[in-house]
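Enquirer: Here is the input, now give the coordinates:
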Amino acid sequence: VSESKHGRKWDRCLADTVVKTVTGLGVGVVFSVLLFKRRTWPMSLGSGLGLGMGYSNCQHDFRSPYLIHGHMAKQEQTLTFTS
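Expert: Numbering: from 1, shown residues only. Alright, predicted model coming up:
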C-alpha cells in the first residue's frame with residue numbers, strides 16, 4: 001500500500017514537472033517570436049521557471065506525507081452517552 005502511494009506521488013510529480021516545463025517553454029517561444037526578435041533566452045527562462053515550479057511542488061508533496069490529493073477523507077464521529 002505504501003509503495004503504491006509513493007509511486008503515485010512520483011507519477012504525479014513527474015507529470016506536473018513536464019507540463020510546467022513544456023508550458024514555460026511554449027510561453028518562452030511565443031515571447032521570443034513576438035517581442036524579442038527570436039532570441040533564445042526567453043525560451044530558456046520559461047522552461048527554467050517551469051522546471052523550478054515543478055521541482056518546488058515535488059518537494060512540497062514529498063515533505064508533507066499527510067496530504068491526500070484528490071480524495072475526500074471522511075472521519076466518522078461516534079457519540080457515547082453515559083448515564
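Enquirer: Can you pull out the low-pLDDT segments for this protein?
Expert: Applying pLDDT under 70 to the chain flags the ranges 1-2, 65-77, 79, 83.
Enquirer: what do you get if the cut-off is 90, keeping everything else the same?
Expert: Residues of the chain that meet the criterion pLDDT under 90 lie in 1-12, 34-40, 42, 57-83.
Enquirer: just so I have it, where are all the helices in the protein?
Expert: 2-34, 41-63 (DSSP state H).
Enquirer: Which among those helices is found nearest to Thr80?
Expert: With Cβ to Cβ as the criterion, Thr80 lies closest to helix 2-34 of those, at 32.8 Å. The C-beta positions use only the backbone N, C-alpha and C, and glycine is treated the same way.
Enquirer: Going by contacts, tell me the helices and strands next to the closest one.
Expert: Under the contact criterion of 3 or more Cβ pairs under 8 Å, 6 or more residues apart in numbering; DSSP states H and E, helix 2-34 touches helix 41-63.
Enquirer: Alright, calling it a day.
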